[in-house]
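Student: Would you be able to build a 3D model of this:
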Amino acid sequence: MQAKTNDTVMPASFFGIAVGPLALANAWRVAARIWPMPAGIVDTLTFVALAVWVIVLAAYARKWFVQRSQARAEWEHPVQSSFVALGPTASLLASMALGNYSHTAGLAVFAVAAVTQLVVGVHLQGRIWQGGRNPELTTPAIYLPAVAPSFVAATASATFGFQQMGMLFFGAGLLSWLAIESLILHRAAVHTPLPEAQRPLLGIQIAPPVVGGVAYMSITHGAPDLFAFALLGYGLYQALLMLRLLPWIRRQPFVPSYWAFTFGAAALPTLAMRIVERGATGEVEWLAGALFIASNAVIGVIAWKTVGAWVARRLLPRVELPQRVEGVKGQTPRGGIAG
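Tutor: Predicted structure coming up:
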């Protein structure tokens, strides 16, 4: 099996660098509805996040024109292909951000992103159903094609007034999450430990319950119910689990794949704040504030380290992508997770 190395290829996982700021901007928008916030900070964060999204989207589109072989190899890779689904996920988040300023522009982006996430998700998920997958290729990245975009599409659907569509997307995300999590836990428990380069991907584990919780709050009305609190509780448990694993994860020095933590880190306080916004009182009120502060700290540190890597010209990793990867038993994935 031949491989091609290119140190200037932007991996699809860099869409995570757009997802994090977009999710954080949304968290600030929710926070501004329940607490006094400095004027203009929400708009500033939103515009910065949208700018990052446009840059990453343009860079990925350019790759298909000028680095087609690398883009195709990434699409065919059994692990790295999952990150392509972050593109429509980021675009769905961007559609909601745009909708605050132009309903028409936001709706147009939503329509394209919703269709794209279905096409990408069904195609990538279909590979798993074909069988023969090496267990070592099962990482939290397999959440990305079906779970993340479905939950975000549910939230975006409700935002643009398509409540029933949002319920359908929520169902797709919820049941996919429950099925996939068992695969990830089984792989973690009985197979070899994740390579150091892939360990930051465990940050994705925080996202499904809380991104799903935000979606659930978007498609329902009235006082928060048991299920909303249950999703928040499981998200908190996953966050504590990641704290317990952090020394093990940090054996991998900082790389852009640490952005895997940011979606869940932003959605966790967003869910708590949405619960407070809908009338809940008690422990969740102070919990929402504490989580919001922690979220900004986590994403701020990751952003700062990313800027430092960019200044030092270490942001784009040296990527080794096989020309053809079948992802079947007997093969070992080569190369690290880019980004």
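Student: Give me the residue at the spatial middle of the chain.
Tutor: residue 263 (5.0 Å; CA atoms, centre = their mean).
Student: for it, what are its contacts?
Tutor: By CB atoms under 8 Å, 6 or more residues apart in numbering, the contact set of residue 263 is 16, 19, 20, 23, 148, 204, 206, 207, 211. To be clear about C-beta, it is placed using only N, CA and C from the backbone, and glycine gets the same treatment.
Student: Next step: those restricted to helices.
Tutor: When the contacts of residue 263 are checked against helices (DSSP state H), the matches are 16, 19, 20, 23, 148, 207, 211.
Student: out of those residues, who's nearest residue 314?
Tutor: Closest approach to residue 314 among the ones in helices among the contacts of residue 263 (CB to CB): residue 16, at 17.0 Å.
Student: ok, that closest one to residue 65 distance?
Tutor: Residue 16 sits 22 Å away from residue 65, going by CB to CB, to the nearest Å.
Student: Neighbour count for those two, which is higher?
Tutor: Per other CB atoms under 10 Å, whichever of residue 16 and residue 65 has more neighbours is residue 16, with 28 against 8.
Student: which residue packs closest to the more buried one, ignoring adjacent ones?
Tutor: residue 259 (3.9 Å; CB to CB, 6 or more residues apart in numbering).
Student: So what touches the helix or strand hosting residue 242?
Tutor: Taking DSSP states H and E as the criterion, residue 242 maps to helix 226-249. For helix 226-249, the external contacting residues (CB under 8 Å, 6+ apart) are 199-200, 202-203, 205-206, 209-210, 212-213, 216-217, 220, 261, 264, 267-268, 271-272, 275, 284.
Student: now do stretch 207-225
Tutor: 143, 147-148, 151-152, 154-155, 157-159, 163, 166-167, 169-170, 173-174, 177, 181, 227-228, 231-232, 234-235, 238, 263-264, 267-268, 270-271, 274-275, 278-280.
Student: and with 6 Å instead?
Tutor: 147, 151, 154-155, 158, 166-167, 170, 177, 228, 231-232, 234-235, 263-264, 267-268, 270-271, 274-275, 278-280 (CB atoms under 6 Å, 6 or more residues apart in numbering).
Student: Take these and keep only those in helices.
Tutor: Mapping those onto helices (DSSP H) picks out 147, 151, 154-155, 158, 166-167, 170, 177, 228, 231-232, 234-235, 263-264, 267-268, 270-271, 274-275.
Student: quick one: which of the contacts of residue 263 is nearest residue 290?
Tutor: The closest of the contacts of residue 263 to residue 290 turns out to be residue 206 (CB to CB; 15.5 Å).
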